[in-house]
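1. A predicted structure for the sequence below; I have some questions about it.
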Amino acid sequence: MTEHLVVIGGDAAGMSAASQARRRRGPDELRITAFEQGDFTSYSACGIPYWVGGQVPDRDSLIARTPAEHRERGIDLRLRTRVTEIDLDRRRVRSRRTDGDSGGGTSGDGGSGGPEEWTGFDQLVIATGAEPLRPPLPGFDAPGVHGVQTLEDGAALLATLRRDVRRAVVVGGGYIGVEMAEAMIQRGLQVTVVHRSAEPMATLDPDMGRLVRVAMEGMGIEVVPGAEAKEVLLNADGRPRAVLTTVGEHPADVVVLGLGVRPRTALARAAGLALGDSGGLRTDSSMRVEGAEGIWAGGDCVEVLNLVSGRHQHIALGTHANKHGLVIGTNIGGGRATFPGVVGTAVSKVCELEIARTGLREREATAAGLSFDRAVIEATSRAGYYPGAAPMTVKMIAERGSGRMLGLQIVGREGAAKRVDIGAVALTAGMTVDQVVSLDLGYAPPFSPVWDPVQVAARKLVSGRAVSGT
Ligand SMILES: Cc1cc2nc3c(=O)[nH]c(=O)nc-3n(C[C@H](O)[C@H](O)[C@H](O)COP(=O)(O)OP(=O)(O)OC[C@H]3O[C@@H](n4cnc5c(N)ncnc54)[C@H](O)[C@@H]3O)c2cc1C
């Protein structure tokens, strides 16, 4: 008998799941219907800062697989169609066309749109992603104030940048904030980043975040810490003239929001599915929603298990979403796959500065009840004598006593960020700092000093010259 798979959400997690299920089971065995409320499928939101900045030539370069390509592979794709209800008892979803809606159909609420339709399912994949935080403060809905979550958002921002804009304020100092600061610099604008915490990149420890701030200031970016946004002040034409924060007024012709996201799970909550503390869906390691047979979820709408802390958390990253989709599609396709969890790896950059982290920050280690030692070292990306050797700062923390590596952060120039993958593997394997020192990593002067900077940090911890943590 032909089974019916329904997918809600047509981007990374949803379409990876649909494509993988289709690879494993043909149309005679599995009918697949995917609902996407927007206009695009399988697009890279990760690439939006580089499209806006001009390094990526056009929007279509960010689309990995078009709706037509999915349909050719036998997926019944319903664009501009929003799922408005999941009926678990009768195993069906209610949907409505979004053509008439404003705002590109990405709000995730019920919308107005066209007539409703019910579609039955045997298997359901929830891949509704996350929604960007937009404070309900005066001026934040004005034209010229932009989120950067969707391709529609990117196009709207580019349209604003074609106007006579000279000063950009980026609200939020996380990775999207700093990437958008770079994009605004690339566009030749004067850039201010306002953010709430003491240092930008709060996903790093403050001592490493300080390095990011100093480097950004060196690039001519004004960075304003401890600044909570209160209002976007508007000109007579209704467009921004400044952002008002708790520390002052920051002139702006365009405002870009990078305030983080929360899981888009209103539908799932209304259906009575299990949510975790962060509001993300809770799944088992096969990505099946806890306590719900035949209901799967992945991507930015779920919580993931942090393998280092043993706690669940919400981490919205495309790298996880794609893997979740593959696991779900494999399982629906009759195979067996699992997503064991994450170690908290993320890389980013602002202009020539590379930023990376994996594992736990000091604060997270303390919250997990772990005592630790820390080491911070300076090194170069290549042998010091080799042309192009660029400086980097590496910070590593390890559990006191056992020596188990707990976290790694790197801030530096070219060649710095991807070194964090050594740490990601070490954390996944539960390695101690002694084992990291012994790793057989590649060395030649154009690629690395004879001791890789990550191993230099590990050596410092081993030799006991490290500074103790809590
Ligand atoms: C500017 C930016 C830069 C980023 N950079 C990186 C990076 O460098 N590295 C990285 O790993 N990650 C990055 N990310 C995060 C990454 O893009 C996301 O983690 C990834 O897109 C999540 O995929 P997803 O499929 O879970 O959700 P989404 O990509 O959000 O897709 C969810 C889809 O579901 C649709 N949808 C939602 N509700 C409904 C409904 N009720 N009915 C029908 N359709 C619905 C939405 O329209 C959307 O298309 C970045 C994100 C942004 C915004």
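-> Good, I have the coordinates. Since the structure is predicted, the reported quantities are computational estimates derived from the model, not experimental observations.
2. just give the closest residue to the closest residue to the ligand within the stretch 251-400 of the chain, not the sequence neighbours.
-> In the stretch 251-400 of the chain, the residue that lies nearest the ligand is residue 299 (2.0 Å; Cβ to the nearest ligand atom). Bear in mind the C-beta positions are built from the backbone N, C-alpha and C, glycine included. Closest residue to residue 299 apart from its sequence neighbours, by Cβ to Cβ, 6 or more residues apart in numbering: residue 13 at 2.9 Å.
3. what's the distance between that neighbour and the ligand?
-> Distance, residue 13 to the ligand, using Cβ to the nearest ligand atom, to the nearest Å: 4 Å.
4. and residue 41, by the same measure?
-> 8 Å.
5. sorry, back to before: was I right to think the residue of the stretch 251-400 of the chain closest to the ligand contacts residue 325?
-> Yes: Residue 299 is within contact range of residue 325, at 7.1 Å (criterion: Cβ atoms under 8 Å).
6. any residues in contact with both of these two?
-> Counting by Cβ atoms under 8 Å, 6 or more residues apart in numbering, the shared contacts of residue 299 and residue 325 are 12-14, 127.
7. so who does residue 184 touch?
-> Residue 184 sits in contact with 53, 168, 170, 191, 254, 256, where contact means Cβ under 8 Å, 6+ apart.
8. run a quick neighbour tally on residue 25.
-> As a burial measure, residue 25 scores 19 neighbours (other Cβ atoms under 10 Å).
9. what pLDDT does it get?
-> Residue 25 is assigned 97 on the pLDDT scale.
10. now the helices for this protein?
-> 12-24, 48-53, 67-72, 151-161, 175-186, 206-218, 266-270, 318-332, 362-367, 420-428, 433-438, 453-462 (DSSP state H).
11. now the fifth one: average pLDDT?
-> Per-residue confidence for helix 175-186 averages out to 97 on the pLDDT scale.
12. is any residue of it near the ligand?
-> Yes: part of helix 175-186 sits near the ligand under the criterion Cβ under 6 Å from any ligand atom, namely residue 176.
13. how far does that helix sit from its chain's centre?
-> 15 Å (Cα atoms, centre = their mean, to the nearest Å).
14. and residue 257, bridged to which residues?
-> Legend: beta-bridge partners of residue 257 under DSSP bridges are residue 171.
15. that one reaches residue 134, doesn't it?
-> Yes: with contacts counted by Cβ under 8 Å, residue 257 reaches residue 134, the gap being 6.2 Å.
16. dump the residue contacts of residue 282.
-> Contacts of residue 282 (Cβ under 8 Å, 6+ apart): 274-276, 289-290, 302-303, 312.
17. from residue 131, how far off is it?
-> 19 Å (Cβ to Cβ, to the nearest Å).
18. quick one: residue 413 and residue 355, what's the gap?
-> For residue 413 relative to residue 355 (Cβ to Cβ), the value is 11 Å.
19. what residue is smack in the middle of the chain?
-> residue 317 (3.1 Å; Cα atoms, centre = their mean).
20. quick check: bridge partners of the closest residue to that residue other than its chain neighbours?
-> Leaving aside its chain neighbours, residue 317 sits nearest to residue 346 (6.5 Å; criterion: Cβ to Cβ, 6+ apart). Listed beta-bridge partners, residue 346: residue 357 (assigned using DSSP bridges).
21. what sits against residue 346?
-> Contacts of residue 346 (Cβ under 8 Å, 6+ apart): 175, 203, 315, 317, 356-358.
22. what parts of the stretch 151-300 of the chain come near the ligand?
-> 176, 264, 267, 299-300.
23. again, 8 Å this time
-> Neighbours of the ligand within the stretch 151-300 of the chain, by Cβ under 8 Å from any ligand atom: 175-176, 179-180, 258, 261, 264, 267, 298-300.
24. can you list those residues in a markdown table and add neighbour count?
-> Compiled in a markdown table, these are given as follows (neighbours: other Cβ atoms under 10 Å):
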| residue | neighbour count |
| --- | --- |
| 175 | 23 |
| 176 | 26 |
| 179 | 22 |
| 180 | 27 |
| 258 | 24 |
| 261 | 18 |
| 264 | 24 |
| 267 | 22 |
| 298 | 31 |
| 299 | 33 |
| 300 | 29 |
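25. between the residues you listed, which is closest to residue 38?
-> residue 264 (12.6 Å; Cβ to Cβ).
26. how about the residues of the stretch 1-150 of the chain by the ligand?
-> Near the ligand, when you scan the stretch 1-150 of the chain using Cβ under 8 Å from any ligand atom, you find 8-16, 35-38, 40-41, 43-49, 81-84, 95, 105-106, 108, 127-130, 132, 148-150.
27. which among those count as buried?
-> By neighbour count, with 16 or more other Cβ atoms under 10 Å, those hold 8-16, 35-38, 40-41, 43-45, 47-49, 81-84, 95, 105-106, 108, 127-130, 132, 148-150 as buried.
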